[in-house]
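[1] can't give you the sequence, but here's the structure:
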């Protein structure tokens with residue numbers, strides 16, 4: 001896997017409990033970004049409109065990227081019905097084989113200098 005950046009899309013749903021899912025893992029920026037934007041519309045339709053939530057009750061915020069994300073950068077979108085269902089979608093860029101937080105990676109290497117990286 002090396003140092004090639006990976007793009008991960010995950011969805012967190014807070015409705016009658018809390019659930020987090022990984023929806024997509026890929027190496028192509030455009031494909032990942034287009035899927036992230038499409039997922040907002042898909043979730044809006046499936047989780048709100050198909051469940052008869054009135055359009056004017058659905059809050060949607062989408063953070064966009066003006067260029068490809070670098071490792072450890074992310075964008076997110078947020079949807080809710082202003083009542084009981086809150087959904088966030090995150091697109092994050094990561095390098096493999098290391099923590100996404102450089103401080104955590106340094107702390108890990110200091111504590112476990114003989115670990116495989």
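    Arrived safely. Just so it is clear, the model here is predicted, and its values are computed rather than measured. Numbering: from 1, shown residues only.

[2] Check whether the residue most central in space within the chain sits in a helix, strand or coil.
    The centroid of the chain falls nearest to residue 90 when counting by CA atoms, centre = their mean (1.9 Å). Assigned by DSSP: H, G, I helix; E, B strand; the rest coil, the conformation of residue 90 is strand.

[3] Apart from its chain neighbours, what residue comes closest to it?
    Once flanking residues are discounted, residue 90 sits nearest to residue 76: 4.6 Å by CB to CB, 6 or more residues apart in numbering. Every residue, glycine included, has its C-beta placed from N, CA and C.

[4] I'd guessed that neighbour sits against residue 87; true?
    No. If you go by CB atoms under 8 Å, residue 76 and residue 87 don't touch, sitting 10.8 Å apart.

[5] From the neighbour counts alone, determine which of those two ranks first.
    More crowded of residue 76 and residue 87, by other CB atoms under 10 Å: residue 87, with 22 against 15.

[6] neighbouring contacts of the helix or strand hosting the more buried one?
    Secondary structure from DSSP states H and E places residue 87 in strand 86-94. Around strand 86-94, the neighbours that count as contacts under CB atoms under 8 Å, 6 or more residues apart in numbering are 5-15, 23, 32-33, 36, 39-40, 43, 47, 65, 68-80, 100.

[7] among these, which ones are buried?
    Listed as buried from the contacts of strand 86-94 are 5, 7-11, 13, 23, 32-33, 36, 39-40, 43, 47, 69, 71, 74-75, 77-80; burial here means 16 or more other CB atoms under 10 Å.
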